[in-house]
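Chemist: The sequence and its predicted three-dimensional model are supplied below.
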Amino acid sequence: MKLIATLFFFYLSANSITDTKVYVCGKTGAKKYHYNESCRGLNACSDQTVKISLKQAQNNGLTLCGWED
Ligand SMILES: [Zn+2]
């Protein structure tokens, strides 16, 4: 299951190269995305920070971090 999720993630990433990039905490389980890589909301992240497209984040149901606009 974890492998499938990872493959799905890379599949989406490959399709979104030209989109606006955002940052999320970890490959799965994040509920917020961030425009700023050094955002205070990401400082609390204990997983790796992952760069994805804005469209991908929204398609995955993520919402903008409360610390940002
Ligand atoms: Zn943020």
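Modeler: Structure received.
Chemist: Now do the same contact list for N43.
Modeler: With contact set as CB atoms under 8 Å, 6 or more residues apart in numbering, N43 has no partners. The way it works is simple: take the backbone N, C-alpha and C, and place the C-beta from them, glycine included.
Chemist: how much space between it and Y33?
Modeler: Distance check for N43 against Y33: by CB to CB, to the nearest Å, it reads 15 Å.
Chemist: cool, V22 as well?
Modeler: Distance, V22 to Y33, using CB to CB: 4 Å.
Chemist: so what sits against both of those two?
Modeler: Here V22 and Y33 have 52, 54, 57 as joint contacts, going by CB under 8 Å, 6+ apart.
Chemist: Narrow these to those in helices?
Modeler: 54, 57 (DSSP state H).
Chemist: By neighbour count, which of the shared contacts of V22 and Y33 wins?
Modeler: For the shared contacts of V22 and Y33, counting by other CB atoms under 10 Å, the largest number of neighbours falls to A57: 24 neighbours.
Chemist: Looks like that residue contacts V24 (just checking).
Modeler: Yes: here A57 reaches V24: they are 6.4 Å apart, a contact under CB atoms under 8 Å.
Chemist: Need the overlap of contacts for these two.
Modeler: Common neighbours of A57 and V24, counting by CB under 8 Å, 6+ apart, are Y33.
Chemist: Give the bridge partners for the residue nearest the centre of the chain, please.
Modeler: Residue closest to the average C-alpha location in the chain (CA atoms, centre = their mean): V24, at 3.3 Å. Counting by DSSP bridges, V24 is bridged to V50.
Chemist: Next up, the contacts around it.
Modeler: 30, 32-34, 49-50, 52, 57, 62.
Chemist: And for K51?
Modeler: Residues in contact with K51 (CB under 8 Å, 6+ apart) are 21-23, 37.
Chemist: quick one: least confident helix or strand in this structure?
Modeler: helix 2-14 (a mean of 69; mean pLDDT, DSSP states H and E).
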